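A predicted structure for the sequence below; I have some questions about it.
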Amino acid sequence: MNLSTYLLFVPIALVSICSPGPATLLAISNSMNYGVRRVHYSTLGNIIGQLIVASLAMMGVGVLLHTSVFWFEMVKIAGALYLIYLGIKQWRSKGVLHAHVQKNSIASSSTTIGLKGLALALSNPKDIFFFTALLPQFIHTDSGLLMQFAILVGSFMLFSYISLMTWALMAHRAKNWLNQEVRMRWFNRVTGGVFFILGISMLRMKRNVV
């Protein structure tokens, strides 16, 4: 891989990563509910999920989803139901921020938070389509495939980590303004509603979406 190929990949990856989506919303929600430090776990879970998705895509799973209506629908429905579940759970969350953080910090382990990030990455077929459609275009078959894969996917994971933690920090800075029961309730309803809408939108997604 030459430098010009990598420099072309970077802005494309950044556009995809910086576009707010379910992972961004989860980072913001976790920052508010558990504190910014524990967002590291959901973010690590998310980028590990990206690594798994990228690996599966390179192994041909992405092609399978492109060609098989059945498996595409199964992945799509699983992802949509998970987003809807997150939306309903977030919508029903109530309370003042500090009490909410303390309660949820005890109730949810770091492993549970990390698994939520992992599940979110694995349940979104768009991730598989991204790596299937774009990643192979930046890999030269006449060079070491493993090294190119490591550089491109590793960069994507690093950019994702920085982006999600940035969103979490910005949400953390807004916690004082949200530290009122009414505002926190509306924050939970808005984020929960967005999760729900994303889930419904995923159910409407067609097989030719990349």
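Perfect, I can see it now. Note that the coordinates shown come from a computational prediction; the quantities given were computed from them, not determined experimentally. Numbers count the residues shown, from 1 in each chain.

drop to CA atoms for contacts and neighbour counts, all remaining ones
Fine.

in this structure, what residue sits furthest out from the centroid?
Here the centre of the chain is the reference, and by CA atoms, centre = their mean the most remote residue is residue 142, at 32.4 Å.

I'd like to check which residues are in contact with the residue most central in space within the chain.
The centroid of the chain falls nearest to residue 23 when counting by CA atoms, centre = their mean (2.8 Å). Shown in contact with residue 23 (CA atoms under 8 Å, 6 or more residues apart in numbering): 46, 117, 120-121, 164.

Any buried residues in the helix or strand where residue 169 lies, and which?
Taking DSSP states H and E as the criterion, residue 169 maps to helix 145-173. Buried residues in helix 145-173, counted by 16 or more other CA atoms under 10 Å: 148-149, 152-153, 155-157, 159-161, 163-169, 171-172.

what's the model's confidence in it, averaged?
Averaging pLDDT along helix 145-173 yields 90.

swap in stretch 78-95?
71.

So which helix or strand of the chain has the lowest pLDDT on average?
Every helix and strand in the chain was compared by mean pLDDT, DSSP states H and E; the lowest is helix 97-107, with a mean of 44.

Residue 188 versus the residue nearest to the centre of the chain, what's the distance?
Distance from residue 23 to residue 188, counting by CA to CA, to the nearest Å: 16 Å.

do the same with residue 136
Per CA to CA, residue 136 is found 39 Å from residue 188.

okay, those two: which has more neighbours?
residue 188 (23 against 13; other CA atoms under 10 Å).

thinking that one is in contact with residue 88, fair?
No. Here residue 188 lies out of contact with residue 88, judged by CA atoms under 8 Å, at a distance of 9.7 Å.

residue boundaries of the helices in this protein?
For the chain, helices defined by DSSP state H occupy the ranges 3-18, 22-34, 39-58, 61-67, 69-92, 97-107, 110-122, 125-133, 145-173, 175-178, 181-203.

so how far is residue 9 from the residue farthest from the centre of the chain?
For residue 142 relative to residue 9 (CA to CA), the value is 18 Å.

Same question for residue 89.
Residue 89 is 37 Å from residue 9, by CA to CA.

Among these two, which residue is more densely surrounded?
Neighbours per residue (other CA under 10 Å) separate residue 89 from residue 9, with residue 9 holding more: 18 against 15.
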